[in-house]
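Colleague: The amino acid sequence is not available; the structure is as follows:
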């Protein structure tokens, strides 16, 4: 398999670099907040989730741990898979959930319930 070409993009409200790339018919948006503390993981996840508008787009988040506050907030609105990376970081992939993703309040970037 050839190397995936990632292109840096500007995402409104983001505090870390975002990258986009395509695998087959799916557009991926990726960011890494593994070296950031609160509220950066939540702020960037909410900014990135605004890009996930259909089934052909996914958001990839690399973080130092599973962001439970974020998952509690939007877990019903997106399909989420996670895997632990070899270095201990966590990779989460957020996918569009028809009729549910539109209901997410992506403007609320604080972790409290």
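Modeller: Ah, there it is. Only a predicted model underlies this, so the values are computations on that prediction, with no experimental measurement involved.
Colleague: helices and strands of the protein: which one bottoms out on pLDDT?
Modeller: Within the chain, judged by mean pLDDT, DSSP states H and E, the helix or strand with the poorest mean is helix 68-74; its value is a mean of 94.
Colleague: helices or strands next to that one in the packing?
Modeller: Contacting helix 68-74 under the criterion 3 or more CB pairs under 8 Å, 6 or more residues apart in numbering; DSSP states H and E are the following elements: helix 40-49. Bear in mind the C-beta positions are built from the backbone N, C-alpha and C, glycine included.
Colleague: Which strands or helices does the helix it packs on pack on?
Modeller: Using 3+ CB pairs under 8 Å, 6+ apart as the contact criterion, the elements in contact with helix 40-49 are strand 18-23, strand 26-32, strand 57-63, helix 68-74, strand 90-96.
Colleague: okay, the angle between it and strand 18-23?
Modeller: For helix 40-49 against strand 18-23, the angle between stretch directions is 50 degrees (axes from the mean of the first three to the mean of the last three CA atoms, to 10 degrees).
Colleague: Contacts made by helix 40-49 with the rest, please.
Modeller: Around helix 40-49, the neighbours that count as contacts under CB atoms under 8 Å, 6 or more residues apart in numbering are 11-16, 18, 29, 31, 33, 36, 59, 61, 63, 67, 69-70, 73-74, 78, 94, 101, 104, 106-111.
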